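A.B. asks: The following block contains a protein sequence and its predicted model.
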Amino acid sequence: MLKDYPILESLLSSGFAGDRDAFRASLELMGKRAEELGDSQVATLLDKVAKTAERGWVEDRTDAADKKAAFGRTLGSIDDIPPGIMMLKTNVTMNEVILPANVKLVISEFLEEQQYNEKYIDAGLEPRNKAMLIGPPGNGKTESAKAIANFMNVPLYYVRYDELVSKQPGETQKRLNRVFNFAKTHRSMLFFDEIDAIGKDRSDEGQTGEMKAVVSTLLVQLEDVPPHVLVLGATNHPEMIDKAMWRRFHIRVNLPNPTIDEFVKYLAMKFGTFKLEPKIDLRILSYQLEAENFAETSVFVDDCVRTWIRHDKTITIEEAIKRAVVTWPKNRVKIAK
Ligand SMILES: Nc1ncnc2c1ncn2[C@@H]1O[C@H](COP(=O)(O)OP(=O)(O)OP(=O)(O)O)[C@@H](O)[C@H]1O
Ligand SMILES: [Mg+2]
């Protein structure tokens, strides 16, 4: 019977390809062939394999269907939100966050998988759901997380370490588990901003046994979290984070300090939010500010508009900008690196 190579080949290739109908047909053919040859033992065995495989397939299908259905589940009641997280309302759009082209691409691919999760699940893949945003302060880590939640139209659960971390032994782990279990009940996003606060390297001497146990729980939960729950982490201290954490996140993106071109784009956009389009060279202004990040630039634009309003708009916005530039070194709050 082993000489029936075409049947054998079709059986193996359909099995590996996960082609259920072709696999079943090949098994049947083989069973028939075994009966023709009077090998009832092989025929019985093939029949048994066919039935078991069928059961396996049915389970797999249900699993895929379950996964897809989970993407459709929404929050039951706000009252169910456990301690340790708060729901953040956000209307930041992806267009309002200025990101380097490579970062934008990585994030848009990540979001594409979430949006069109069905086709990935059907292909036997899990849509990626965990992303870590890394970089110096004030360049849009928190802002990006908000924009992502808004874009995906999912509730954004901001993890509050002050509420999550307890002095009582084992309590923090319990709360962390509760937070994950709650998030899993529907399509949602868990955001661990400043994740170094809870995910510190376990080999760090300053880490207490209790906090090491919390890191372990976090690692287990991150491993286990289903694809319909987005998990975002953000940090400006990547060197402090537990080494095992990195592998848990599907994508890790760096948000560096902006380039001059990005500052120019940001200034135009930020003035635009006040319906202003100053007739000045924004490139020169960008150089004058010597800002390190978008957050500082944001404060400057607010300064300009404040100056303008203080004068009840009797001066032009260009004049207000000129005055704000003069006082900028004094007003500027430099964000420490
Ligand atoms: N990439 C960006 N595009 C547009 N606006 C930005 C960007 N980065 C920062 N901003 C502005 O600066 C403010 C602070 O940014 P954000 O809170 O996202 O920084 P962060 O990277 O999370 O910093 P930190 O590490 O200090 O938490 C935002 O509210 C926004 O106004
Ligand atoms: Mg932040």
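C.D. replies: Good, I have the coordinates. Ligands and ions are numbered 1, 2, ... in the order given.
A.B. asks: what does the stretch 51-200 of the chain put close to ligand 2?
C.D. replies: Selection of the stretch 51-200 of the chain residues close to ligand 2 by C-beta under 5 Å from the ion yields 141-142. Where you see a C-beta, it was placed from the backbone N, CA and C, and this is true even at glycine.
A.B. asks: how about the strands of the stretch 51-200 of the chain, start to end?
C.D. replies: 85-88, 130-134, 156-159, 188-192 (DSSP state E, counting those that start in this stretch).
A.B. asks: Reformat the ones you listed as TSV; add mean neighbour count.
C.D. replies: Output for the strands of the stretch 51-200 of the chain, formatted as TSV (neighbours: other C-beta atoms under 10 Å):
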stretch	mean neighbour count
strand 85-88	17
strand 130-134	23
strand 156-159	22
strand 188-192	24
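A.B. asks: how about those strands, which one is nearest ligand 1?
C.D. replies: Each of the strands of the stretch 51-200 of the chain was scored for nearness to ligand 1 using C-beta to the nearest ligand atom, and the closest is strand 130-134 (7.4 Å).
A.B. asks: So which elements touch the closest one?
C.D. replies: helix 141-152, strand 229-235, helix 243-248, strand 251-254 (3 or more C-beta pairs under 8 Å, 6 or more residues apart in numbering; DSSP states H and E).
A.B. asks: so which of these comes closest to ligand 1?
C.D. replies: Closest among the helices and strands packed on strand 130-134, using C-beta to the nearest ligand atom: helix 141-152, at 3.4 Å.
A.B. asks: orientation of that closest one relative to strand 130-134 in degrees?
C.D. replies: Computed by axes from the mean of the first three to the mean of the last three C-alpha atoms, to 10 degrees, the angle separating helix 141-152 from strand 130-134 equals 150 degrees.
A.B. asks: Now do helix 141-152: everything it contacts.
C.D. replies: 88, 90-94, 96-97, 99, 107, 111, 114-115, 131, 133-135, 155-156, 189, 191, 193, 230, 232, 234-236, 255 (C-beta atoms under 8 Å, 6 or more residues apart in numbering).
A.B. asks: Of the residues you listed, which fall within the contact range of ligand 1?
C.D. replies: 96-97, 99, 234, 236 (C-beta under 6 Å from any ligand atom).
A.B. asks: Quick check: residues of the stretch 51-200 of the chain near ligand 1?
C.D. replies: With the criterion set to C-beta under 6 Å from any ligand atom, the stretch 51-200 of the chain comes near ligand 1 through 96-99, 137-143.
A.B. asks: Just the buried ones out of those residues, please.
C.D. replies: Taking 16 or more other C-beta atoms under 10 Å as the criterion, what is buried in those is 96-99, 138-143.
A.B. asks: how about these in CSV, adding pLDDT?
C.D. replies: Shown next, in CSV, are those (pLDDT from 0 to 100):
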residue, pLDDT
Glu96, 94
Val97, 97
Ile98, 97
Leu99, 96
Gly138, 96
Asn139, 96
Gly140, 96
Lys141, 97
Thr142, 97
Glu143, 97
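A.B. asks: and of the residues you listed, the nearest to ligand 2?
C.D. replies: Ligand 2 lies nearest to Thr142 out of those, by C-beta to the ion, at 3.3 Å.
A.B. asks: Report how many residues lie close to Thr93.
C.D. replies: 11 (other C-beta atoms under 10 Å).
A.B. asks: contacting residues for it?
C.D. replies: 147, 150-151.
A.B. asks: sorry, back to before: what would the helices and strands packed on strand 130-134 look like in CSV with distance to Phe271?
C.D. replies: Shown next, in CSV, are these (distance: least, C-beta to C-beta, whole Å):
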stretch, distance to Phe271
helix 141-152, 18
strand 229-235, 27
helix 243-248, 39
strand 251-254, 27
